[in-house]
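Q: Turn this into a model:
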Amino acid sequence: MEKNNLYGECLAEVIGTAILLFFGAATVANLVLLQADIGQWELSLLWGLAVAMAVYITGGVSGAHINPAVTVALASVGDFPWKKVLPYCIAQTIGAFIGAAGAYFIYAEQFLEKTGANVGIFSTFAMNNIGNFKAMLIELILTAILLLGIMAMGDVFNSTAPKGLGGAISVGLLVATIGGTAGRLTGFAINPARDFGPKLFTALAGWGSIPFTKHNFYFWVPIIGPLLGGILGAIIYKRLIRPYLPEIFNKSIESEGVSEAL
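A: A predicted model of the protein is given here:
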């Protein structure tokens, strides 16, 4: 039964991440290829809504991590089993690959030339005046904020956390806020699978090595930055915020009182 459950969870992660990338990459393709009147805030909001839709559709099965940074971060603080981390991450990368392929398919006629310029439709790169190490730190910070929000909104002891279906739209709005605030700097990958899966697809679809060599071999930045940032955000929440939630803090005080009495 456990094997079947893991299969279903991984399948949900494939579908959820594919939904995210299909809508997200299609939005950028609409902007770049069709010159749609979409600003940074609209772009960020559409990415956020894509996250919300993925959570609504698959969250009941797998928790809708749809992001290796989330999976690794939760495991690092004991909220997710390590044995499921690799299957989840593989599933998320496969889903991102499929989502990018779907977006490519519906815009195939618009891709008259496969050049390095429009490979950014599918995956992220920093602005030309931002070096890779600085970009990695930006991704680290943005993903730490993402995990702080995700853990706070999913904490049953947090009285201000959104309830029921409100959690999905709240996470989507958090992603939109991150994108609207600092998204132009690095493309706000904040998700290794969201970036690596499409890079792999575009490499196979005709862009060759460009997705991996562009911007001074930038491909590692959206992997390392989000993974480290996710762990940092999870630790900050678990160690510096959660212990002081009233219900948990009061129970801790009561336990200390009982211990002293004994």
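Q: can you give me the helices in the stretch 101-250 of the chain?
A: Here the stretch 101-250 of the chain has its helices, by DSSP state H, counting those that start in this stretch, at 132-153, 166-186, 192-202, 210-217, 221-236, 246-261.
Q: for those, which one sits closest to A25?
A: Nearest to A25, of all these, is helix 192-202, at 6.5 Å by C-beta to C-beta. The way it works is simple: take the backbone N, C-alpha and C, and place the C-beta from them, glycine included.
Q: Next, the angle helix 210-217 makes with the closest one.
A: 120 degrees (axes from the mean of the first three to the mean of the last three C-alpha atoms, to 10 degrees).
Q: quick one: contacts of helix 192-202?
A: Contact with helix 192-202 is made by 17, 20-21, 24-25, 66-69, 89, 92-101, 104, 119, 122-124, 189, 210-212, 219, 222-223, 226-227, as judged by C-beta atoms under 8 Å, 6 or more residues apart in numbering.
Q: go again using 7 Å as the cut-off
A: The contact list for helix 192-202, computed with C-beta atoms under 7 Å, 6 or more residues apart in numbering, reads 17, 20-21, 25, 67-69, 89, 92-93, 96-97, 100-101, 119, 122-124, 189, 211-212, 219, 222-223, 226-227.
Q: same question, stretch 223-236
A: Contacts for stretch 223-236 (C-beta under 7 Å, 6+ apart): 68-70, 72-74, 76-77, 136, 139-148, 151, 189-192, 196.
Q: Please identify which of the helices of the stretch 101-250 of the chain is closest to T58.
A: Of all these, helix 166-186 sits nearest to T58, with 10.2 Å by C-beta to C-beta.
Q: So which elements touch that closest one?
A: Under the contact criterion of 3 or more C-beta pairs under 7 Å, 6 or more residues apart in numbering; DSSP states H and E, helix 166-186 touches helix 40-62, helix 132-153.
Q: For L112, find the nearest of those.
A: Closest among these, using C-beta to C-beta: helix 40-62, at 22.9 Å.
Q: CA-only coordinates of stretch 143-154, as CSV, when you get a sec.
A: Output of stretch 143-154 as CSV, limited to C-alpha atoms (Å, rounded to 0.1, in the frame of the first residue of the first chain):
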residue,chain,number,x,y,z
THR,A,143,13.2,31.1,-1.7
ALA,A,144,13.8,31.5,2.0
ILE,A,145,10.8,34.0,2.0
LEU,A,146,8.8,31.5,0.0
LEU,A,147,9.4,28.7,2.6
LEU,A,148,8.7,31.0,5.5
GLY,A,149,5.3,31.8,4.0
ILE,A,150,4.5,28.2,3.0
MET,A,151,5.3,26.8,6.5
ALA,A,152,3.4,29.6,8.2
MET,A,153,0.3,29.1,6.0
GLY,A,154,0.4,25.4,6.5
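Q: how far away is A25 from S123?
A: A25 is 9 Å from S123, where distance means C-beta to C-beta, to the nearest Å.
Q: what's the longest helix in the chain?
A: In the chain, assigned by DSSP state H, the helix with the most residues is helix 2-33.
Q: what helices or strands is it leaning on?
A: With contacts taken as 3+ C-beta pairs under 7 Å, 6+ apart, helix 2-33 sits against helix 40-62, helix 85-106, helix 192-202.
Q: In PDB, list the C-alpha atoms belonging to the shortest one.
A: If I follow you right, that is helix 192-202. Taking Å, rounded to 0.1, in the frame of the first residue of the first chain, the C-alpha atoms of helix 192-202 are listed here in PDB:
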ATOM      1  CA  PRO A 192      15.000  23.900  -9.200                       C
ATOM      2  CA  ALA A 193      12.600  21.700 -11.100                       C
ATOM      3  CA  ARG A 194      10.800  24.700 -12.600                       C
ATOM      4  CA  ASP A 195      14.100  25.700 -14.100                       C
ATOM      5  CA  PHE A 196      16.100  22.500 -14.800                       C
ATOM      6  CA  GLY A 197      13.200  20.600 -16.500                       C
ATOM      7  CA  PRO A 198      12.600  23.300 -19.100                       C
ATOM      8  CA  LYS A 199      16.300  23.700 -19.700                       C
ATOM      9  CA  LEU A 200      16.500  20.000 -20.400                       C
ATOM     10  CA  PHE A 201      13.500  20.200 -22.700                       C
ATOM     11  CA  THR A 202      14.900  23.200 -24.700                       C
END
